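Chemist: compute the structure for the input listed below.
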Amino acid sequence: MATVHAHARLSISGLGWGVSAALVVLFVLCMLAVLFMPMRAAHGWVALFSDAPIDSSRVWVEGLIWSFAAGWLIALVFGTVYNWIVARSMTNLIHGS
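Modeler: Just a heads-up that it's a prediction; the model follows:
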């Protein structure tokens, strides 16, 4: 008899807050890197979230808002797909398909 392990569903709200927080922290770190040590890679990350001039306050506002929004979008897509795949694989294991 096959042993079936139950997998917990991924919390989309927890994932949303976690990914959003991580993207906001990365944005802030990259902004600090751009301001204090002009680095091309960090400037590229900042440019993903804002096209405002790097020395304007608008770049901070847009970057933080879009980092937060992108985190939730990633969480919604990834969490939904992950939960769907886990549920489908568990159904296949139980029914032997």
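Chemist: where in the protein is pLDDT low?
Modeler: Using pLDDT under 70 as the threshold, the predicted model of the chain has low-confidence ranges 1-7, 39, 92-97.
Chemist: so which residues of it form strands?
Modeler: For the chain, no strands turn up when DSSP state E is the criterion.
Chemist: can you pull out the helices in it?
Modeler: Remark: helices of the chain, listed N- to C-terminal, are 12-36, 40-49, 57-95; assignment by DSSP state H.
Chemist: how about TSV for these, with mean neighbour count added?
Modeler: All C-beta atoms are positioned from the backbone trio N, CA, C, and that covers glycine. As requested, the helices of the chain are arranged in TSV below (neighbours: other C-beta atoms under 10 Å):
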stretch	mean neighbour count
helix 12-36	16
helix 40-49	16
helix 57-95	14
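Chemist: list the contacts of residue 53.
Modeler: residue 59 (C-beta atoms under 8 Å, 6 or more residues apart in numbering).
Chemist: distance of it from residue 37?
Modeler: Between residue 53 and residue 37 the distance is 18 Å, computed by C-beta to C-beta, to the nearest Å.
Chemist: what do you get for residue 87?
Modeler: Distance, residue 87 to residue 37, by C-beta to C-beta: 46 Å.
Chemist: ok, residue 43 next?
Modeler: Computed as C-beta to C-beta, the residue 43 to residue 37 distance reads 11 Å.
Chemist: which residues do the two both contact?
Modeler: If you check residue 43 and residue 37 against C-beta under 8 Å, 6+ apart, no residue is contacted by both.
Chemist: just give the nearest non-adjacent residue to residue 50, would you?
Modeler: residue 62 (3.7 Å; C-beta to C-beta, 6 or more residues apart in numbering).
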